[in-house]
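Asker: got a predicted model here, sequence first, then my questions.
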Amino acid sequence: MELTVHGKHMDVGDSLKTHMQQKLEDINEKYFGRAIAPVVTIGSEPHNFFKTHISLTMGKDIHVQATETAGDPYAAFDGAAEKIAKQLRRYKRRLRDHHERLEQLPGDIAPILIKENIIETLIANDEDETSKEPEFPKEPAIIAEMTHKIQKMTVSEAVMRMDLAGESAMLFKNSKTDGLNMVYKRSDGNIGWVDPQAAEMEAAE
């Protein structure tokens, strides 16, 4: 396991790095058992607090992350690591089954650009540029851009991966229909599921 540690406004000593390495290796061996690429970011916060963020990439683009703040750097890391372990413990069996199934698939859909969990679709604008319609407010600033591979999975697997990654939405290719679907966290705490293909079929009936 190759561990990457970033210190923000502090030096991360060898003793703490060794503690992180051993802790994450134990978690990996207990709950997943395959190579993972953990990244730990730890930094000092106001009022003598320390904040740790752990991000793992395991298997076939499975992302898990957690954050913890405490008055001691070891406690901050251990708290975040325990959250990671809790997530992996919750999905231990399903993660193994999910990984094995994905390894048998022929490949992925080509990556698409995702900006803050919003799919940017380029639409040709054929409207008259001289239109006197009032201008819309400026769009909010995009904080980050990243490219994701859209993989084939079931709805429940997509919900699992969204939960593990701490994301608010997950785009995936439905293994039953081969169509692009999305699951997302609703404001009422439930999970929403968007299936455009099903909506088109209902509209055609």
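Answerer: The structure has been received and is ready for your questions. Numbers count the residues shown, from 1 in each chain.
Asker: residue 88 against residue 65, yeah?
Answerer: No: if you go by C-beta atoms under 8 Å, residue 88 and residue 65 don't touch, sitting 11.8 Å apart. Using the backbone N, CA and C atoms, a C-beta is placed for each residue, glycine as well.
Asker: low-confidence ranges in the chain?
Answerer: Applying pLDDT under 70 to the chain flags residues 35, 59-61, 96-148, 198-205.
Asker: how is it divided into domains?
Answerer: With automatic domain parsing as the criterion, the domains of the chain are listed as 4-92, 105-204.
Asker: now the helices: where do they sit in the chain?
Answerer: 14-31, 73-90, 92-103, 155-165, 196-204 (DSSP state H).
Asker: convert the C-alpha atoms of stretch 34-47 to CSV, please.
Answerer: C-alpha atoms of stretch 34-47 as CSV (Å, rounded to 0.1, in the frame of the first residue of the first chain):
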residue,chain,number,x,y,z
ARG,A,34,-6.8,-5.5,-2.1
ALA,A,35,-4.4,-2.7,-3.0
ILE,A,36,-5.6,0.7,-2.1
ALA,A,37,-4.2,4.2,-2.7
PRO,A,38,-4.9,6.2,0.5
VAL,A,39,-4.3,10.0,0.6
VAL,A,40,-4.3,11.6,4.1
THR,A,41,-4.4,15.4,4.5
ILE,A,42,-3.9,16.7,8.0
GLY,A,43,-3.6,20.3,9.1
SER,A,44,-3.8,22.6,12.1
GLU,A,45,-7.0,24.5,12.7
PRO,A,46,-7.8,27.5,15.0
HIS,A,47,-8.1,27.0,18.7
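Asker: in it, which residues are buried?
Answerer: Using 16 or more other C-beta atoms under 10 Å as the test for burial, stretch 34-47 gives 36, 38, 40-43.
Asker: can you check stretch 181-192 too?
Answerer: 181-185.
Asker: out of these, which is nearest to residue 94?
Answerer: residue 183 (15.0 Å; C-beta to C-beta).
Asker: thought that closest one was touching residue 170?
Answerer: Yes: Residue 183 is in contact with residue 170 according to C-beta under 8 Å; the separation is 5.2 Å.
Asker: now stretch 73-82: buried residues?
Answerer: Buried positions in stretch 73-82, judged by neighbour count with 16+ other C-beta under 10 Å: 73-74, 76-81.
Asker: before we move on, back to that, list the residues that contact both of residue 183 and residue 170?
Answerer: Residues touching both residue 183 and residue 170 (C-beta atoms under 8 Å, 6 or more residues apart in numbering): 158-159, 162.
Asker: got those residues as a markdown table, with distance to residue 58 and neighbour count columns?
Answerer: Shown next, in a markdown table, are those (distance: C-beta to C-beta, whole Å; neighbours: other C-beta atoms under 10 Å):
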| residue | distance to residue 58 | neighbour count |
| --- | --- | --- |
| 158 | 17 | 24 |
| 159 | 18 | 18 |
| 162 | 15 | 22 |
